[in-house]
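J.: Structure for this input, please:
(2 chains)
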Amino acid sequence: MSKHVVIDPITRIEGHLRIEAVIDDNNIIQEAYSSSTMFRGIEEILKGRDPRDCGLLAMRICGVCTGTHYQRSIEAVEHAFNVTIPKNARIVRNLMQGGLYIHDHIVHFYHLHALDWVDITKALEADPKKTVEEAQKWAKLSGQRAWNASEDNYAAVQERVTKYVKQGRLGIFGNAYWGSKAYKLTPEQNLIGLSHYLDALDLQREVAKAQAIFGGKNPHPQSIVVGGVTCVQDIKNPVRVAEFKDIIQKALKFTKEAYLPDVYMAGTMYADEALEGVGAGIGNFMSYGDFNLDDLPFYKSSKLFPSGIVMNKDLSKVYELDQTKITEDVTHAWYEGTTNKHPYDGVTNPKYTGFREKKDGIAYLDTDNKYSWIKSPLYDDERMEVGPLARMVVGVAKGDKKITDHVTKFLKNGNLPTKVLFSTVGRTAARAIETELMCEEVINWCDELAVNVANGDLSTWTEFDFDKVAKDAQGFGMAEAPRGSLGHWVKIKDGKVVNYQAVVPSTWNAAPKDYKGRLGAYEASLVGTKVVNPDEPLEIIRTVHSFDPCIACAVHIVDTNGKELAVYKVDPVGGCRA
Amino acid sequence: MIDSQEMVKKVFTQNSARIDTNKGDAYYNSLFEKAKSRLSALRKQPALKDIDLMEVVESEGVNRRDFMKWASATTATLMLPPMFTPLVAEATELMNRVPVVWIELQDCAGNSEAILRSATPTVDDLLFDVLSLEYHHTLQAASGHQAEHQLEDAIHTFKGKYLLFVEGAIPKAMNGQYGTIGPGGETFEENLNRLSKDAAAVVAVGTCATFGGIPAAAPNPTGAVGVMDIVKGKPIVNIPACPANPANMVGVVLHYVLTGQVPELDSLLRPKFAFGYRIHDNCERRAHFDAGEYVEEWGDEGAKNNWCLYKMGCKGPMTFNNCSIIRYNEGANWPIGVGRGCIGCSEPDFWDKYAYERPMADANIKAPTGGVEKTVDEFGLGLLTATSIGIGVHAVASAVAGKRTVHSEDEE
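T.: Numbers count the residues shown, from 1 in each chain, chains lettered A, B, ... in the order given. Coordinates of the predicted model:
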């Protein structure tokens, strides 16, 4: 008899996510459903406001990718106003966004994802001396010495956690799937993971501090305005730039000596699953592109991560991104109608139909009908996966040298075939590969900023005549968040926002089925997975976590005024007047 | 029926107790004795975690002297006289006697992210040694049923003893179904009611949990409210700001450990130790305000010279918070430091009243009257009585602001 498993809350994510799965007698997942259970209506809140204020509010769509939302919102308005920001502002925005990637990936891997791979209780059985050898083994793959690998350190970590465990209450580490057969690391490998979990807690605090240097605080920075940035004194002070660079250099060292080796280690221990493609999912990948490398308007600028589409894991072909092909379908989302239209044409009224039934204290989603607050976005009527893996795949398919070099180096060092990338392991690996690349770029950008300031350029803002440009305008800001493609669209009339729309990473990935019954990325990645013990669905958690769910931002409503929006046309590049 | 949000707004405009920075020897002596007996009682309680904090502190490369320096700074943050420093240090060691359950409702996780940035104490100390954190959605190892059981076990074991930290607003519209959680599909409101029932006190962190914040901004599509609109018959502490400063979160726990009570609160239920002063009172750019030197547009000469941001819409004069003193991310910076005005994120309804960047004369906000060191309650009065004073008038007046301040306070 098949088993219907309900997992709610999915923890170690941002936001409220429920996963339901139907598992057959062989413990294989037959059906999977992804549901977001929280709704706020931020786009509705943005309507009627001054477009210059949108960024502050729109960034609060999420407390994790906050800086990304902030920048996209400001860019959408800049696009509408036809404002191009000065070089210093572009570099500082890149630094803040780069810092965000590095922070986010490290926190994701160690604090949100690692406990799906690392069994803390097993780490206590490890031999600290052997652990040093083990750590050096994995670090050597990329020619590094292992991070903080000493017998003393491992013994101290063990002692600290043993003491903690002996208290009898494990606090936030309590009642997890410890001891599950789905954990495959050796005690020594678990101890390495645990030790880095602790070190990364310190490091992430530092990286957040770096972002605060130019952002004022983290999360929710405050230095970006329409036309540029406000942090003039931090830009012109070489000590501040050096402080930022120092922190990122430390993050790079950690990434080379701990993060990448840990991914080689996990990747090797779970290589069979990776080769089988466990957790692969849809196989269609999309990137909006990110990081402007020149001072053209952002939608014309060359990018560190190129935009594009790859279909069916076929790296030999890559399609140019055309944002007019983005549509959203609400057949299985708690909104009125079933239409599949471009966001600007969508008529969206909340229509909550609740759970199918509640039985024995458990509620079940009405999976034949509506079952999530997240809509189902489509690109050219196809389902897409977004995220670091998509960025790497699109980058390689486009022949981007930096990305291809990093991916190739990773696979060669880890002695892994390209195939492993299309899996849960691959998704996790892509994030580590990207962190190294990102650190290197950010360090260069620090120098770029210092040189530009030293040459006497202190310009941080481009002036514009608000009364003129905000009469009748529209624009979008599209780039990548650490977890995938994130775009904001804004329409402005007589100085006020008349429509606001965001299509974000977890909308793409965590979406429910669409009007054709095709699965969302989480759902597709779960179907076919074997679960060792359905009462301890560690495999489900692991695969869902590999996407780094960030749900608050995916939950939204768009305009209810369908007619007015129907005449709104969007030019994919450049044109920004209605 | 006036709901409590409305009441809060009313209270905001009424006169009530002002913050006393010095309450006199008798008061402090009695509090000192009380704290001492509280700590010795706590020490006798079975430890939830038997950790020698000094050992931990030293293992982090911090010596006793540095730790006492931190304790002394924290004592000042809590607005207590220096004699309390040893007690604050001791209370830090005993913080893990007070279990904390942290839940997330209609939120963005910004406050959870903020606590991850905690530097004093550091987050790993908080997680493993200092706090007895029993449940935390963003960091919790277990998911689903296992997480739910962990939570039930904690509230059962620590009935009447735990502090419930709440992050995020609570949607009231559509019978609360804009947010559900757990295998049973409980609404956020039901969840909050169930978990707060046996809490010693409820701590609302961030402006969403305190005043409704983002989801409650106009037109409030989901009927979002803050914790104090739902929870009745419990001590409630509001730590607003977007996100709340982790130093203030730790401060509230520390105060509770020290005294067995929630700290003294203002009329918006905010701890006076953190929200007793306006940003403006301790702003690093204050001298420029007094001298009438303002940034007039982003990136101008004023901006390059760190002049006052009042004309760019800074809400420091009407915002009560200690960020001008403790700042963010280990003191790395703060919004005014990066040349952007304060958006008033620790005040009710700030999204609809304060969060914009134009000069105040252009908006519906009245320019501030009176001077420094006003309490939230007195200041509310000032806001109401002042008519729209133009920025130009104020700029001239501010040249002699120091004198005017004393004068106008006397008048009131």
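J.: can you pull out the strands in the stretch 201-350 of chain A?
T.: Using DSSP state E, counting those that start in this stretch, the strands of the stretch 201-350 of chain A run over residues A:224-225, A:228-229, A:285-287, A:290-292, A:303-305, A:308-310, A:326-329, A:340-341.
J.: I'd like the ones you listed as CSV, with mean pLDDT, mean neighbour count and distance to residue A:525 appended.
T.: All C-beta spots, glycine's among them, are computed from the backbone N, C-alpha and C. Conversion of these to CSV gives the following (pLDDT from 0 to 100; neighbours: other C-beta atoms under 10 Å in any protein chain shown; distance: least, C-beta to C-beta, whole Å):
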stretch, mean pLDDT, mean neighbour count, distance to residue A:525
strand A:224-225, 97, 26, 34
strand A:228-229, 98, 28, 38
strand A:285-287, 98, 29, 13
strand A:290-292, 97, 23, 23
strand A:303-305, 98, 22, 22
strand A:308-310, 98, 24, 16
strand A:326-329, 92, 24, 19
strand A:340-341, 78, 18, 23
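J.: Reformat the ones you listed as JSON lines; add distance to residue B:103.
T.: Shown next, in JSON lines, are the strands of the stretch 201-350 of chain A (distance: least, C-beta to C-beta, whole Å):
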{"stretch": "strand A:224-225", "distance to residue B:103": "31"}
{"stretch": "strand A:228-229", "distance to residue B:103": "36"}
{"stretch": "strand A:285-287", "distance to residue B:103": "35"}
{"stretch": "strand A:290-292", "distance to residue B:103": "34"}
{"stretch": "strand A:303-305", "distance to residue B:103": "36"}
{"stretch": "strand A:308-310", "distance to residue B:103": "40"}
{"stretch": "strand A:326-329", "distance to residue B:103": "31"}
{"stretch": "strand A:340-341", "distance to residue B:103": "36"}
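J.: Could I get the phi/psi values of the residue in the stretch 1-150 of chain B positioned nearest to chain A?
T.: Per C-beta to the nearest C-beta, the residue of the stretch 1-150 of chain B with the smallest distance to chain A is residue B:110, at 2.9 Å. Phi and psi for residue B:110, reported as degrees, to the nearest 10, are phi -60, psi -40.
J.: ok, it - how many residues close by?
T.: Using other C-beta atoms under 10 Å in any protein chain shown, residue B:110 has 30 neighbouring residues.
J.: number of nearby residues for the closest residue in space to it that isn't next to it in sequence?
T.: Leaving aside its chain neighbours, residue B:110 sits nearest to residue A:63 (2.9 Å; criterion: C-beta to C-beta, 6 or more residues apart in numbering or on different chains). The local packing of residue A:63 (other C-beta under 10 Å) involves 31 other residues.
J.: Show me the helices in the stretch 301-450 of chain A, by range?
T.: For the stretch 301-450 of chain A, the helices defined by DSSP state H, counting those that start in this stretch cover A:388-397, A:401-413, A:424-454.
J.: quick one: the longest one to helix A:401-413, angle?
T.: By that I understand helix A:424-454. On the basis of axes from the mean of the first three to the mean of the last three C-alpha atoms, to 10 degrees, helix A:424-454 is oriented at 140 degrees to helix A:401-413.
J.: ok, then the element right after helix A:424-454?
T.: Once the chain leaves helix A:424-454, the next helix or strand it forms, by DSSP states H and E, is helix A:466-469.
J.: buried sites along the following helix or strand past that next one?
T.: Following helix A:466-469 in sequence order, the next helix or strand is strand A:472-481 (DSSP H and E). Using 16 or more other C-beta atoms under 10 Å in any protein chain shown as the test for burial, strand A:472-481 gives A:473, A:474, A:475, A:476, A:477, A:478, A:479, A:480, A:481.
J.: got the contact list for the fifth one?
T.: For residue A:477, the contacting residues are A:71, A:72, A:73, A:74, A:75, A:76, A:77, A:78, A:79, A:298, A:487, A:488, taking C-beta atoms under 8 Å, 6 or more residues apart in numbering or on different chains as the criterion.
J.: Chain B: which of those residues is nearest?
T.: For those, the nearest to chain B is residue A:74 (11.8 Å; C-beta to the nearest C-beta).
J.: Going by secondary structure, residue A:544 is in what exactly?
T.: Residue A:544 belongs to helix A:538-546 when assigned by DSSP H and E.
J.: ok, residues contacting that helix?
T.: Outside helix A:538-546, the residues within contact range by C-beta under 8 Å, 6+ apart are A:5, A:7, A:10, A:12-13, A:17, A:19, A:21, A:29, A:32, A:34, A:112-113, A:116-117, A:177, A:180, A:182-183, A:278-279, A:424-425, A:427-428, A:522, A:525-526, A:529-532, B:143.
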